[in-house]
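Student: take a look and give me a structure for this.
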Amino acid sequence: MRYSDFETMTKRITAQEYVYQKDAIFSQASLLFEEVAQVEKGVRLLGITLTNLDPLTYENIVLPLWETGGS
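Tutor: A predicted model of the protein is given here:
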């Protein structure tokens, strides 16, 4: 966070589990903001960085085109 007088404040939090929902990320960022924000100084810049991301993986499966074992 950078204030109007160009003073810079940094704060970090590490989640215990992987976070992938935007609401959870927003919630954590809001908690950090509330902890360090001095809005009366005027916030000039606010940045959020996510690190140690786990890649999202998918599994390909084969779907049957026709039912087998008719009636």
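Student: list the contacts of stretch 7-17.
Tutor: Residues outside stretch 7-17 that contact it (CB atoms under 8 Å, 6 or more residues apart in numbering): 1-3, 28, 31-32, 35-36, 41. Placement of C-beta: from N, CA and C, glycine included.
Student: can you pull the contacts of residue 56?
Tutor: residue 20.
Student: tell me the secondary structure for the residue positioned nearest the centre of the chain?
Tutor: Nearest to the mean C-alpha position of the chain, by CA atoms, centre = their mean, lies residue 25 at 3.6 Å. Under DSSP: H, G, I helix; E, B strand; the rest coil, residue 25 falls in the helix class.
Student: can you tell me the element the closest residue to it other than its chain neighbours falls in?
Tutor: Leaving aside its sequence neighbours, residue 25 sits nearest to residue 19 (CB to CB, 6 or more residues apart in numbering; 5.8 Å). Using DSSP states H and E, residue 19 sits in no helix or strand.
Student: which pLDDT value does the model give residue 19?
Tutor: Residue 19 carries a pLDDT value of 83.
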